[in-house]
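# fold the following and give me the result.
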Amino acid sequence: MMTIRRANDRGHAEHGWLDSYHTFSFADYHDPKHMGFRALRVINEDRVAAGQGFGTHGHRDMEIISYVLEGGLAHSDSMGTGSTLKPGDVQRMSAGTGVRHSEFNASKTDPVHFLQIWILPDKAGYQPGYEEKHFSAADKRGVLKLVASNDGRDGSVSIHQNANIYAGLFEAGEKADFALGTGRYAWVHVVKGSVVVNGERLSAGDAAAIDQGGNVTIAGEDAGEVLLFDLP
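Here you go, the predicted model:
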C-alpha cells in the first residue's frame, strides 16, 4: 500500500530570513499523525536568505544529513570541521554524545535552498562524526544512486542506522525499479520537478510512504529529482 503526503499539507514556517517546510512535526509545527516515518524523523525544506543562517546550536543522538539544491551552505562545528556545501554534496553529521554547529548561507547576494534530514541512530552514545561526499548529476541520471548507508558501501556516506538513502534524476522516458526487502519500508520524497511513483504523479515537496515488502517504480516526467529512503 502507498500513502501520499502532499507538499501543501506540510507544516510551514516563515521567519523572514528563513522559509521552511516541515514534512514531519518540527519546532512549532506539531501533528501527531506525522511525527516521522520509521527511523526517519525530519525532512525540512529550507530556503535561507543571503548572508543569514542558523547560529551555533547543539544536537545529540541524531544522524543529520544535508542535501543542497541551490546555492552554497557554509558549515562549521565543534569537531573543527568547516566546509561549504554545493549542489550534489551530501553531508552527514552524527551528533552522538553531543555536537554544536552552525549553518549559514555562504552567499551575500543569493539564497540557499537545501533539505535537512534527521534519522534516528540505532543506539545512543556514538562519538560525534562528520563526512561529506559529492555525487554528480551523471551519477544520479536515470538511476537510484546510493548516497548514504550503514556501511558506507559504493562510495556513500555512512550513517548509524540500518537505512539506505538513494538519489535519482529522472527525465521523461527514464525509469528505475526498487524492490523492498522483507520487513523494509520506503519513503520517497520529490526534491524537484515531477515524477510518477507507482502510477501516482508526485511534484516537488510531495512524498509517498510504501508499506513493507512492496516495490517502488519511479518514472521520469518533468526534470524530476527524488530521494528514496529504504528503512527498517
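# what's the spacing between the strand ranked longest in the chain and its chain's center?
Using DSSP state E, we find that the single longest strand of the chain is strand 215-231. Its chain's C-alpha centre and that of strand 215-231 lie 13 Å apart, by CA atoms, centre = their mean, to the nearest Å.
# and for stretch 77-91?
Distance, centroid of stretch 77-91 to centroid of chain: 15 Å (CA atoms, centre = their mean).
# avg pLDDT for that stretch?
Stretch 77-91 carries an average pLDDT of 94.
# who's in contact with the most centrally placed residue in the chain?
Closest to where the C-alpha atoms of the chain average out (CA atoms, centre = their mean) is residue 117, at 4.4 Å. Going by CB atoms under 8 Å, 6 or more residues apart in numbering, residue 117 touches 40, 42-44, 64-67, 165, 227. C-beta here means a position set from N, CA and C on the backbone, and glycine is covered the same way.
# for the longest strand of the chain, name the packing helices and strands.
strand 164-170, strand 175-179, strand 185-197 (3 or more CB pairs under 8 Å, 6 or more residues apart in numbering; DSSP states H and E).
# give me whichever of those is most buried.
strand 164-170 (a mean of 24; mean count of other CB atoms under 10 Å).
# before we move on, back to that, of the contacts of residue 117, which belong to strands?
40, 42-44, 64-67, 165, 227.
# list only buried entries from the residues you listed.
Taking 16 or more other CB atoms under 10 Å as the criterion, what is buried in those is 40, 42-44, 64-67, 165, 227.
# sorry, back to before: average pLDDT for the longest strand of the chain, rounded please.
Mean predicted lDDT for strand 215-231 stands at 97.
# stretch 21-34 now?
97.
# and the closest residue to residue 35 other than its chain neighbours, how far is that from residue 91?
Excluding the flanking residues, the one nearest residue 35 by CB to CB, 6 or more residues apart in numbering is residue 25, at 5.2 Å. According to CB to CB, to the nearest Å, residue 25 and residue 91 sit 23 Å apart.
# ok, these two, which is more surrounded?
Taking neighbours as other CB atoms under 10 Å, residue 25 and residue 91 compare with residue 91 leading, 22 against 17.
# returning to what we had before: strands paired with the host helix or strand of the residue nearest to the centre of the chain, and their directions?
Assigned by DSSP states H and E, residue 117 belongs to strand 112-119. Strand pairing for strand 112-119, using DSSP bridges, gives strand 40-48 (antiparallel), strand 63-70 (antiparallel).
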